[in-house]
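Colleague: Coordinates for the following, if possible.
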Amino acid sequence: MTAESEAEVGPSGESAARQVRFVAPRRVEVTRHPVATPEPDEVQVEASLSAISPGTELLVYRDQVPENLQLDENIDELGHAATYPFSYGYATVGTVTAAGDDVTDDWVGRRVFAFHPHASHFCVDPDTLVRLPSDVADEDAALLAMVETAVSLVMDGRPRVGERAAVFGQGVVGLLTTALLARHPLSRLVTFDHYTARRERSLSFGADASLEPDVAGEVFDAGDGRADVSFEVSGNPAALDSAIDTTGDDGRVIIGSWYGAKPAALDLGGRFHRSRIRLQASQVSRIDSSHAGRWDKQRRMDLACDLLSDLEPSRLVTHRVPIENAADAYRLLDESPDEALQVLLEY
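Modeller: Okay, the predicted model is just below:
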C-alpha cells in the first residue's frame, strides 16, 4: 500500500473503506476514505469478494478504452469516461450492513451481488442489488456477471439441434459459454485458444475438441467442414477473421468481445461476400429485440442465479489476492495469461 493511501486514514484512526483506483496506464492504487453512511434511500454493503473481469478490465488497465466513451451507461457508478483517476469493476459480493430510513429493515444482513467498482464498503440503491440464494458460495456468486454474459451470448446464438458450434477464446466468459453450449444437443462443439491450460479446461467443460487458433477454417468432419454458429469472445480482433473463416455459408457469428480502442481489420474480400454469414454484436446490457417479447433482464438474471450452483464457476478461479495487493492482481492477469484465468480480490 502506498504512503498516500495510508495518509488518507484520519488522524483518529477511524475505520476506512478501501477502494481500487486506476491512476495511469497499467497502474492501480488502493485508496482509503471514511466508511460512508447510507442516504435515506440507500443501503450500505460490506464486500467479501470481488471478481476482476479479465477481458474488460484489462482494456481499462492497458488504457485501450476509446476516449470519451462511458465505461458503462447502465451502471450509475460507471457512467463516466475513463479519465484518470477513476474506479472500475462490476462484480462484488457482500453483505448489507446498514439501511437508510426509507429502506425496509429486511435488507440488513442480506448477502448480495452488486454491479459496483472494487471497494470494501459502499452505499447504493437496493434496487440495483441482486439477492443471493443461501446455497450459493461467495466464490461462485462473484462470477454472476460472467455467467449472465454467457447466458446472453448463447441466447443470441440460438443453437439448434444438431448444429456445429465453435467458440473462439477460452477465458472466463468463453469457458462458461462452452459449458452452456455443451448442454445443447449439438453435433459437435469445437473451441479455440492460444494457451494449452485453457484448451484443457475447455475439454473438461464439455468441448469435443479444443484447438490452437491458427488451424481455424474447415475443422469439422462433416458437411462443408465449417460451423453453423461461431462465438468470438477472445478479445482479440484477429480472432474475428478466424471465426468468419470457420463459419459456413448462411451461418452466424456472435461477437461478444469488446475490442475497445483496438482496431479490427477484417478480410472480407474472399468467400465472405457471397456467404451470407450474419455478424451479430452481443452485449449483456441489453436484451435482443427478438427475445424481448418473453424475456427481460430480471428473468435472465434469475436464470443466471439458478445456474451458479450447477455450473460452479468458482472452478475457474486461479488466484485470490487481498485488495491491498490489487496492483499485483492486475499485473498477474496482464503478464501471465497462461497462468492466471480468474482472479478474485479478498476483503
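Colleague: The stretch 1-150 of the chain: strands as residue ranges?
Modeller: Under the criterion DSSP state E, counting those that start in this stretch, the stretch 1-150 of the chain contains strands at 16-24, 27-34, 43-51, 92-99, 111-114, 121-124, 129-131.
Colleague: Direction included, what does the shortest one pair against?
Modeller: Meaning strand 129-131. strand 111-114 (antiparallel) (DSSP bridges).
Colleague: buried residues in the strand it pairs with?
Modeller: 111, 112, 113, 114 (16 or more other CB atoms under 10 Å). Yep, even glycine has a C-beta here, placed from its N, CA and C like the rest.
Colleague: any idea how far the last one is from residue 167?
Modeller: Noted for residue 114: a distance of 29 Å to residue 167, by CB to CB, to the nearest Å.
Colleague: Name the nearest of the buried residues of strand 111-114 relative to residue 15.
Modeller: Ranked by distance to residue 15 (CB to CB), the buried residues of strand 111-114 are led by residue 114 at 19.8 Å.
Colleague: what's the closest non-adjacent residue to the closest one?
Modeller: Using CB to CB, 6 or more residues apart in numbering and skipping the chain neighbours, the partner closest in space to residue 114 is residue 92 (4.6 Å).
Colleague: how about the buried residues of strand 111-114 in a markdown table, adding distance to residue 341?
Modeller: Output for the buried residues of strand 111-114, formatted as a markdown table (distance: CB to CB, whole Å):
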| residue | distance to residue 341 |
| --- | --- |
| 111 | 25 |
| 112 | 25 |
| 113 | 20 |
| 114 | 23 |
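Colleague: Quick check: the two most widely separated of the residues you listed?
Modeller: Maximum distance among the buried residues of strand 111-114 (CB to CB): 10.8 Å, for 111 and 114.
Colleague: got any residues that touch both of the two?
Modeller: Shared contacts of residue 111 and residue 114 (CB atoms under 8 Å, 6 or more residues apart in numbering): 93, 94.
Colleague: quick one, which of the strands of the stretch 1-150 of the chain is nearest to residue 279?
Modeller: Of the strands of the stretch 1-150 of the chain, nearest to residue 279 by CB to CB is strand 43-51, at 29.0 Å.
Colleague: follow-up on the earlier one: which residues does the residue nearest to residue 114 contact?
Modeller: Contacts of residue 92 (CB under 8 Å, 6+ apart): 45, 47, 49, 50, 51, 113, 114, 115, 116, 118, 119, 142.
Colleague: Find the pair from those residues with maximum spatial separation.
Modeller: Distances among these were taken as CB to CB; the most separated pair is 45 and 51, at 15.2 Å.
Colleague: low pLDDT regions in the stretch 1-150 of the chain?
Modeller: Counting by pLDDT under 70, the stretch 1-150 of the chain contains low-confidence residues at 1-14, 69-81.
Colleague: per-domain residue ranges of this protein.
Modeller: 3-132+312-346, 146-281 (automatic domain parsing).
Colleague: In JSON lines, list those domains along with distance to residue 287.
Modeller: Listed next are these as JSON lines, based on distance: least, CB to CB, whole Å:
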{"stretch": "domain 3-132+312-346", "distance to residue 287": "12"}
{"stretch": "domain 146-281", "distance to residue 287": "8"}
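Colleague: Buried deepest among those domains, which one?
Modeller: Of all these, domain 146-281 has the most neighbours on average by mean count of other CB atoms under 10 Å, namely a mean of 20.
Colleague: just to revisit the earlier point, quick check: the gap between the residue nearest to residue 114 and residue 132.
Modeller: Using CB to CB, we find residue 92 at a distance of 12 Å from residue 132.
Colleague: Overlap in contacts, those two.
Modeller: residue 113.
Colleague: centre of the chain versus stretch 278-287, how much separation?
Modeller: Centre-to-centre, stretch 278-287 and its host chain are 14 Å apart (CA atoms, centre = their mean, to the nearest Å).
Colleague: Residues in contact with it: which ones?
Modeller: Residues outside stretch 278-287 that contact it (CB under 8 Å, 6+ apart): 72-74, 145, 148-149, 152-153, 156-157, 244, 251-256, 258, 288, 295-297, 300.
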